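> mind folding the following:
(chains A and B)
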Amino acid sequence: MTRERTTVDLGALGFDGGADVLVKLALADRQVGDEIAVRGEHPDLAGHVATWCRQQGHRWRSTDSPSDGDAIGFIERGSAVSARWIGAERCGHADPTTEGAIDAAPPASWGLAARGAAVEPGGPTPQFRLGVREEVWTDRAAPLYAQAAAAQWDPATAVDWSAPIEHDLRVEAAIVQVMTFLIENEEAALVVPARFLGQIHPHFREIQQFLAVTVADEARHIEVFSRRATMSGHDLALSTVGGRTSLQTLLDEPDYATASFLLSVMGEGTFVSLLGFLERHAPDSSTRRIAHLTRADEARHVAFSLAHLERHAHVEPDLRSRLARAVEQRHRALQGTAGLNEDVFDALVVLAAGDITPERVRTGWQHVQALQVEMSDARRARLARLGFTAGESEALSSLHTRNFM
Amino acid sequence: MTITRPFTLGAVAYDPKVVTIWEGFKDWFATRDFAFDYVLYSSYEAQAEAHLAGDVDVTWDSPLAWVRTRRLAAAAGREARAVAMRDTDQNLTSVVLVRSASDIIDVAQLAGRAVATGAIDSPQATLLPLAHLADRGLDPGTSFTVRRFDVMVTKHGDHVGGERDAVRALMDGEVDAACVIDGNQLLFAKEGTIAPDAVRVLSRTGVYDHCTMTVLDDAPRFIVERFIELLLSMSFDDPEVRPLLELEGLRAWRPGRTSGYELLEQAVDRLGFYGADGTILVEGYPR
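Predicted coordinates:
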């Protein structure tokens, strides 16, 4: 059966102005060997089309026969333009909920291709160290990412930076100390996911996206804690060796699951309690607001990590003992350090006291005691959710760094 | 014991990608048990002379290098053969462009004007279009001023820079016309060097062929045949070889032919570039 010949009308357009786009569209649904007729008024159209066909591997046949109407010639479709589709394979599916969308071990050759794209064979084979589904995947990543993207707040407007500070200068100094502590902890919470982010195979797009928005969250946290620390003209306070040594153990952890566990389940989870404490007890509205905003983000980070590790532990039953060993090892590594900066502990008491009187300090002290109990209880609950027994949870929780993160 | 060298190709290093191309070809040939190597030259003239001296078995020649190799061979009582070429090397044209708003509507009006060309040794952007204008009664350098853009002389215009500079001069109003190969007119439009509808074709040369694989009559016949057979078997459908073909700018290799070099042979004579024996006649041409 002879296929009906298409005519592409190029008007006054030349191939130096986009005519090739129209011709490509006209050829797109033609078979190799099919012809399309070309019509147009550009003064050098025949020269352009001959050159273009040569470059593209099509055959050009000009005509001035009256039987061809006002066509200036015919393009016979060559095979080269569709060569890239030969052997191209679909790399999963864009929608992660579709059956077979997420490959268990996407090949390196899929590289940066969009998940669901048809991938031309060949090309570079970038090595992504985290390239196995069971090591990184959680179905919760997509909804948590969507939640995070919708919940992004602007540090410039989300906090009233002109709110008056009416408390005692020594209380303000305590807040500055707490902020100084928070900033270096949030630096660790930024650097750790950022390091793994570049190692995730792009096929696991939702995981990348969640880690990317986490890094952006931490960048904002660092900004608002810094702005709050310097809001009243104070210099930042002391950063101790003990604090930085504790955080260094997070940076040194090369295993994604272990790092995620130590940072998010143990550390950021504990921070959720700390930020809740600041939201309840800070003497000024700016600090309370900052604590409220950052706490919501941190809770999301914890939820992501728990979801990932729950799944991972399900497919790799040995994971739990690996995580437990990591807590014990970290505990041993930090035994020789001072633990929580004493100035930070005192600052939390003063901050919660809100004033420097024996009665208020007693109250502040009691709030900090309650905070520590709350931190431990919440840690044990999270550990239980990962399948640790009550005894294991109790033991592991007690070994967690005294530096909170 | 005699150690035979691999079948050795000479190519001119007009761009760093040349190494990538021939390394890729070398690997590809190796997987087909064909011992192949290559030597890079910094000029086509040196390559042609090395070919005659037997230093290489085949040369990847510009059309001008083909003309010289053929002439050198003939002068020595030998014969050169064009054995393979790219599909994109056949049936090319060059164009003489003017600004769309120019008052020049006929080639004769170039008299007394300035015409930009590519490098002195560019077949497509200098020799062929200047001979084309000469055929129409306009003697280059006498009837009109030739403004040459000598980028990478000795590379026979392989580098696109000379043509791009010529077109820029046209767009900037420094010259009245510019000579480029047809494909580069479309390329310069796409990359924005030529603004939309800013130029028109004043005249177009006849069709000619471009590069060729050249062998001399003493090349090992069966190896040459195998080489050609392998080249012709390269398929754009093959993802392994496609990147190499793309870098080299072709979709398929074609058997060589010499019918497309007649215009250039005439241009070379008309403009006095080489003598009939392959001697370089152009004054001051770098060696």
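> skip the chain neighbours and tell me the closest residue to A:Gln209.
The spatially closest residue to A:Gln209, leaving aside those adjacent along the chain, is A:Tyr145, at 4.6 Å (C-beta to C-beta, 6 or more residues apart in numbering or on different chains). Placement of C-beta: from N, CA and C, glycine included.
> just B:Leu244 next, same as before
Distances taken as C-beta to C-beta, 6+ apart place B:Gly24 nearest to B:Leu244, at 4.3 Å, with adjacent residues excluded.
> near that neighbour, how many other residues are there?
Per other C-beta atoms under 10 Å in any protein chain shown, the neighbour tally for B:Gly24 reads 17.
> so it makes contact with B:Pro243?
Yes. Using C-beta atoms under 8 Å, B:Gly24 is in contact with B:Pro243, at 7.3 Å.
> contacting residues for the closest residue to chain B within the stretch 251-400 of chain A?
For the stretch 251-400 of chain A, the residue closest to chain B is A:Tyr256, as judged by C-beta to the nearest C-beta, at 32.4 Å. For A:Tyr256, the contact set (C-beta atoms under 8 Å, 6 or more residues apart in numbering or on different chains) comprises A:130, A:135-136, A:196, A:199.
> from the residues you listed, pick the one nearest B:Asp103.
Using C-beta to C-beta, the shortest approach to B:Asp103 within the contacts of A:Tyr256 belongs to A:Gln199, at 63.8 Å.
> so how far is chain B from the closest residue to that closest one other than its chain neighbours?
With sequence-adjacent residues excluded and distances taken as C-beta to C-beta, 6+ apart, A:Gln199 is closest to A:Arg129, at 4.3 Å. Remark: distance between A:Arg129 and chain B (C-beta to the nearest C-beta, to the nearest Å) = 26 Å.
> the residue nearest to A:Gln209 sits in which helix or strand?
Using DSSP states H and E, the element containing A:Tyr145 is helix A:141-150.
> list the buried residues in that helix.
For helix A:141-150, the neighbour count (16 or more other C-beta atoms under 10 Å in any protein chain shown) marks A:141-142, A:144-145, A:147-148 as buried.
> same deal with stretch B:166-178?
Residues of stretch B:166-178 classed as buried under the neighbour-count rule (16+ other C-beta under 10 Å) are B:166-171, B:175-178.
> wait, does it contact chain A?
No. Stretch B:166-178 stays clear of chain A (C-beta under 8 Å from any C-beta of the partner chain), getting no nearer than 11.5 Å.
> please save the CA atoms from that stretch in CSV.
Taking Å, rounded to 0.1, in the frame of the first residue of the first chain, the C-alpha atoms of stretch B:166-178 are listed here in CSV:
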residue,chain,number,x,y,z
ALA,B,166,34.8,36.0,7.7
VAL,B,167,31.1,35.9,8.5
ARG,B,168,31.6,38.1,11.5
ALA,B,169,33.4,40.7,9.3
LEU,B,170,30.4,40.6,7.0
MET,B,171,27.9,41.0,9.9
ASP,B,172,30.1,43.9,11.2
GLY,B,173,30.0,45.7,7.8
GLU,B,174,33.8,45.4,7.4
VAL,B,175,33.4,43.5,4.1
ASP,B,176,30.7,43.3,1.4
ALA,B,177,30.6,39.5,1.0
ALA,B,178,31.9,36.4,2.7
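> work out the gap between it and the centre of the chain.
Centroid separation for stretch B:166-178 versus its chain: 22 Å, with C-alpha atoms, centre = their mean, to the nearest Å.
> which residue packs closest to whatever residue of the stretch 151-287 of chain B ends up closest to chain A, ignoring adjacent ones?
Nearest residue of the stretch 151-287 of chain B to chain A: B:Ala189, at 3.4 Å (C-beta to the nearest C-beta). Distances taken as C-beta to C-beta, 6+ apart put A:Asp16 closest to B:Ala189, at 3.4 Å, once the chain neighbours are dropped.
> and what of A:Ser264?
Spatial nearest neighbour of A:Ser264, chain neighbours left out: A:Ser305 (3.4 Å); criterion: C-beta to C-beta, 6+ apart.
> and the one you found, what helix or strand is that in?
helix A:285-315.
> just say helix, strand or coil for A:Glu113.
Careful, residue A:113 is Ala; it's not Glu. Judged by DSSP: H, G, I helix; E, B strand; the rest coil, the three-state class of A:Ala113 is coil.
> confirm that A:Leu27 sits in a helix.
Yes. Counting by three-state DSSP, A:Leu27 is found in a helix.
> OK, contacts around the residue sitting furthest away from the middle of chain A?
Computed with C-alpha atoms, centre = their mean, the residue of chain A farthest from its C-alpha average is A:Pro66, at 63.7 Å. With C-beta under 8 Å, 6+ apart as the criterion, no residue contacts A:Pro66.
> kindly report the same for A:Arg77.
By C-beta under 8 Å, 6+ apart, A:Arg77 lies in contact with A:27, A:30-36, A:58.
> go again using 6 Å as the cut-off
Going by C-beta atoms under 6 Å, 6 or more residues apart in numbering or on different chains, A:Arg77 touches A:27, A:30, A:32, A:34, A:58.
> so after the helix holding A:Ser305, what's the next helix or strand?
helix A:319-334.
> which other helices and strands contact that following helix?
When contacts are defined as 3 or more C-beta pairs under 6 Å, 6 or more residues apart in numbering or on different chains; DSSP states H and E, helix A:319-334 sits against helix A:241-251, helix A:285-315, helix A:390-399.
> tell me the most buried of these?
Most buried of these, by mean neighbour count (mean count of other C-beta atoms under 10 Å in any protein chain shown): helix A:285-315, with a mean of 21.
> how far off centre is that helix?
The chain centre lies 13 Å from the centre of helix A:285-315; the measure is C-alpha atoms, centre = their mean.
> one more: stretch B:81-88?
That offset, for stretch B:81-88, works out to 12 Å (C-alpha atoms, centre = their mean).
> give me the distance between B:Arg270 and B:Gly118.
Using C-beta to C-beta, to the nearest Å, we find B:Arg270 at a distance of 17 Å from B:Gly118.
> out of those two, which sits in the busier spot?
Using other C-beta under 10 Å as the criterion, B:Arg270 and B:Gly118 rank with B:Gly118 on top: 34 against 16.
> alpha carbons of stretch A:344-363, in CSV - could you do that?
As requested, the backbone C-alpha atoms of stretch A:344-363 are provided in CSV (Å, rounded to 0.1, in the frame of the first residue of the first chain):
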residue,chain,number,x,y,z
VAL,A,344,25.7,24.8,76.9
PHE,A,345,24.1,22.9,79.8
ASP,A,346,24.3,26.0,82.0
ALA,A,347,23.0,28.1,79.2
LEU,A,348,20.0,25.9,78.7
VAL,A,349,19.2,26.3,82.4
VAL,A,350,19.5,30.1,82.3
LEU,A,351,17.5,30.3,79.1
ALA,A,352,14.7,28.2,80.5
ALA,A,353,14.9,30.2,83.8
GLY,A,354,14.5,33.4,81.9
ASP,A,355,16.0,35.4,84.8
ILE,A,356,18.9,35.2,87.2
THR,A,357,17.1,34.5,90.5
PRO,A,358,17.4,31.3,92.6
GLU,A,359,13.7,30.5,92.1
ARG,A,360,13.9,30.9,88.3
VAL,A,361,17.2,29.0,88.1
ARG,A,362,15.6,26.1,90.0
THR,A,363,12.8,26.1,87.5
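> how much space between B:Phe29 and chain A?
18 Å.
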